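**Q** Fold the following for me, if possible:
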Amino acid sequence: MDTITTSDGTRIFYKDWGPKEARPIVFHHGWPLSADEWDNQMMFFLERGFRVIAHDRRGHGRSTQTSRGNDMDTYANDVVALARELDLRGAIHVGHSTGGGEVARYVARAEPGRVSMAILISAITPVMIRKDTNPAGLPIEVFDGYRAAVAGNRALAYLEIASGPFYGFNRPGVAPIEGTIRNWWRQGMMGGIKAHHDCIRVFSETDLTEDLKAIDVPVLVLHSEDDQVVPYVASAPIAVKLLKNGTLKTYSDLPHGMPTSHPDIINADILAFIEKG
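**A** The predicted structure follows:
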């Protein structure tokens, strides 16, 4: 099993497929998942000649179930360590949901030459929680509900999220896909409850406004107006205005988990952006 060890002793699991000289794409998963969230994208881009990399965030998947360091700065520092270990140059960083926030924080601080572009999908940027500077955000009670559900019965909470709003299976006429639900639940239960509980604060309260402003590389922002997890009005349109070189692609009826539910659409849009750049 491929891992790196960070400065605080945390082991970060990663996958690294394809020719080492090929252009690298690094995938950053959402809460509370793992690198396995990107199975479809890893295969798609590997078959098109890219080097594809995905890691399990600390406390998630096969990485160390940490009781400390579950914050956005440390997440980004872990990516710095991974990029150094794998000697990534000109990489494309793709992040979904919480992973989109991780991409924003990392890319804003990345070492020169490490990053060429970024893609934010259903991302938590610039900030999810409602406050004076973000009146369209969600009230803290929503996130308190997540915390209570995870602490009370994590297995049940994860099943309900995957069966409902994450993939839009609660929408009329949308047939639940059992394998997709089970795979989400499997990934979630692989990680540690402490890290997952801490990460709720990370994805809800981390303000990435200044990170977005600092990013110089081209960024594609993909988001759906029917996202039931990260509200569109408080995220993508605001985020793209903060970026120096941002492009917004809006969908009308795709769910939050659209890289898994609609990979043909998402993969094609990512590839088109990369080829254009």
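**Q** Tell me the spacing between Tyr106 and Arg57.
**A** Counting by CB to CB, to the nearest Å, the separation of Tyr106 from Arg57 is 12 Å. Glycine gets a C-beta too; all of them are placed from N, C-alpha and C.
**Q** between those two, what contacts are shared?
**A** Residues touching both Tyr106 and Arg57 (CB atoms under 8 Å, 6 or more residues apart in numbering) are Tyr75.
**Q** Neighbour count for those two, which is higher?
**A** Remark: of Tyr106 and Arg57, Arg57 carries more neighbours, 30 against 27, as counted by other CB atoms under 10 Å.
**Q** wait, the more buried one sits on Asp78?
**A** Yes - if you go by CB atoms under 8 Å, Arg57 and Asp78 touch, sitting 7.3 Å apart.
**Q** joint contacts of the two?
**A** With CB under 8 Å, 6+ apart, Arg57 and Asp78 have common neighbours Ile12.
**Q** Now do the SS call for the residue nearest to Ala239 when sequence neighbours are not counted.
**A** Of all residues not flanking Ala239 in the chain, Thr125 sits nearest, at 4.4 Å (CB to CB, 6 or more residues apart in numbering). On the three-state scheme (DSSP: H, G, I helix; E, B strand; the rest coil), Thr125 is labelled coil.
**Q** wait, doesn't Thr125 sit right on Leu212?
**A** Yes - contact criterion CB under 8 Å: Thr125 and Leu212 qualify, at 6.0 Å.
**Q** I'd like the distance from the residue nearest to Ala239 to Pro24, if you could.
**A** 22 Å.
**Q** Name the residue in those two with the higher neighbour count.
**A** Thr125 (29 against 26).
**Q** Need the per-residue pLDDT for that one.
**A** We have a pLDDT of 98 for Thr125.
**Q** list the contacts for it?
**A** By CB under 8 Å, 6+ apart, the contact list for Thr125 reads Gly100, Gly101, Ala104, Leu208, Asp211, Leu212, Ser235, Ala239.
**Q** from those, which is closest to Val142?
**A** Closest approach between the contacts of Thr125 and Val142, by CB to CB: Ser235, at 14.3 Å.
**Q** so who does the closest one touch?
**A** Contact partners of Ser235, counting by CB under 8 Å, 6+ apart, are Ala123, Ile124, Thr125, Pro126, Met128, His223, Asp227.
**Q** Let me see the backbone angles for it.
**A** Note on Ser235: its backbone torsions stand at phi -130, psi -90 [degrees, to the nearest 10].
**Q** What distance do you get for it to Asp87?
**A** For Ser235 relative to Asp87 (CB to CB), the value is 33 Å.
**Q** And for Gly246?
**A** Gly246 sits 28 Å away from Asp87, taking CB to CB as the criterion.
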